[in-house]
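Novice: here are the coordinates; sequence isn't available:
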């Protein structure tokens, strides 16, 4: 009995994964990064800095006046 042909693992809607992105895909990526990722990264950065300052003050005390 012949074996089934090997199936390529590709996206169904994009038969050529190496094709250049379209203008719509670039706009969607830009909006995602500017509306979602930039604020999330900013909040994470500020929260990490605040946590670091809090831990330093917890270990070494508040700054001397």
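Specialist: Okay, I see it. Everything numeric in this text was worked out from a predicted model, so none of it was measured.
Novice: what about residue 23, distance to residue 37?
Specialist: 20 Å (CB to CB, to the nearest Å). Quick note: C-beta positions are derived from backbone N, CA and C, even for glycine.
Novice: give me the more crowded residue out of those two.
Specialist: residue 37 (11 against 7; other CB atoms under 10 Å).
Novice: roughly how far apart are that one and residue 53?
Specialist: 25 Å.
Novice: mean confidence score for the host helix or strand of residue 57?
Specialist: Assigned by DSSP states H and E, residue 57 belongs to helix 38-60. On average, the pLDDT along helix 38-60 is 97.
Novice: and it, what does it pack against?
Specialist: Packed against helix 38-60, as judged by 3 or more CB pairs under 8 Å, 6 or more residues apart in numbering; DSSP states H and E, are no other helices or strands.
Novice: so how far is that helix off the chain centroid?
Specialist: Its chain's C-alpha centre and that of helix 38-60 lie 19 Å apart, by CA atoms, centre = their mean, to the nearest Å.
Novice: also stretch 22-39?
Specialist: 11 Å.
Novice: how many residues are close by residue 28?
Specialist: Residue 28: 12 neighbours (other CB under 10 Å).
Novice: look up how far residue 22 lies from it.
Specialist: For residue 28, the distance to residue 22 - CB to CB - is 9 Å.
Novice: same thing with residue 56?
Specialist: Distance from residue 56 to residue 22, by CB to CB: 48 Å.
Novice: ok, residue 49 next?
Specialist: For residue 49, the distance to residue 22 - CB to CB - is 38 Å.
Novice: now swap in residue 57 and tell me
Specialist: 51 Å.
Novice: looking at residue 56 and residue 22, which one has more neighbours?
Specialist: Neighbour tally, residue 56 and residue 22, criterion other CB under 10 Å: the higher count belongs to residue 56, 12 against 9.
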